[in-house]
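K.L.:
Build me a model from this:
(one chain, ligands or ions: 1)
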Amino acid sequence: MTIYFYKVWQPYGCFSNFSDHGIYMQGTYWSTVEHYYQAQKFAGSTDAVIIPVICSAESPEEAAALGRCSTRKLRRDWDLVKTQVMREAVLKKFLTHGDIKEILLGTGDELLVENSPTDYFWGCGLNKTGQNHLGKILMSVREEIRQLRFSAVISAEYLSQ
Ligand SMILES: Nc1nc(O)c(N)c(N[C@@H]2O[C@H](COP(=O)(O)O)[C@@H](O)[C@H]2O)n1
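P.N.:
Residues are numbered from 1 along each chain as shown. Below you'll find the predicted structure:
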């Protein structure tokens, strides 16, 4: 069964980057993954002064609006690095917050899909043909956390022998 998620108040809303789960990245606290992701668009660019403004945004919606402002200059390598930037932040989110880590692991091997009607890169788009990169990242983070847990169990068993 495919698990669709999108808005934070809908089922599996904790999978949204807009969910209220803060992360520390590069020594700074970010209120949501969305705050961090939007700010990274400007790292090293001539518009880097916007980064602390995005960090302090009152909501993920406000952070997204600041990051999407078309008159600001994005870092030149943004298209190359954005999926990696997102994956690092999503992994940190689920390693930081144990309750949602269990929700993610509880999805087993189900397909996870960001059901955004407008986003054909991070989500599946209106007609479900989008690339679903956020869903793919969540599934890869789920697998990485499973492997980490498996390694920890094996190490504990070895040490207790
Ligand atoms: N929950 C939620 N609400 C929205 O209104 C959204 N647009 C999204 N999608 C997220 O938007 C981010 C992509 O931003 P850019 O288009 O690259 O500026 C990404 O976090 C999507 O998951 N989610």
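
K.L.:
Show me the contact partners of stretch 50-61.
P.N.:
17-18, 28, 30-32, 34-35, 38-39, 42-43, 63, 66-67, 72 (CB atoms under 8 Å, 6 or more residues apart in numbering). (Glycine included, C-beta is placed from N, CA and C.)

K.L.:
Quick one: mean pLDDT for it?
P.N.:
For stretch 50-61, mean pLDDT rounds to 98.

K.L.:
Determine how far the last residue of it lies from the first.
P.N.:
Taking CA to CA, to the nearest Å as the measure, stretch 50-61 stretches 15 Å from start to finish.

K.L.:
Now do the SS call for the most centrally placed residue in the chain.
P.N.:
Centroid-nearest residue in the chain, with CA atoms, centre = their mean: Val90, separated by 3.5 Å. The three-state label given to Val90 by DSSP: H, G, I helix; E, B strand; the rest coil is helix.

K.L.:
Relative to Tyr29, how far out is it?
P.N.:
From Val90 across to Tyr29, the span is 17 Å (CB to CB, to the nearest Å).

K.L.:
From the contact counts, what lies against the least confident helix or strand in the chain by mean pLDDT?
P.N.:
When each helix and strand of the chain is scored by mean pLDDT, DSSP states H and E, helix 133-160 comes last, with a mean of 91. Where contact means 3 or more CB pairs under 8 Å, 6 or more residues apart in numbering; DSSP states H and E, helix 133-160 is packed against helix 78-96, helix 98-105, strand 112-114.

K.L.:
tell me which parts of this structure are close to the ligand?
P.N.:
Counting by CB under 6 Å from any ligand atom, the chain comes close to the ligand at 6-7, 16-18, 34, 37, 64, 67-68, 114, 116, 119, 122, 134.

K.L.:
Could you say which of the residues you listed is surrounded by the most neighbours?
P.N.:
Among the residues of the chain next to the ligand, Leu134 has the most neighbours (other CB atoms under 10 Å), with 28 neighbours.
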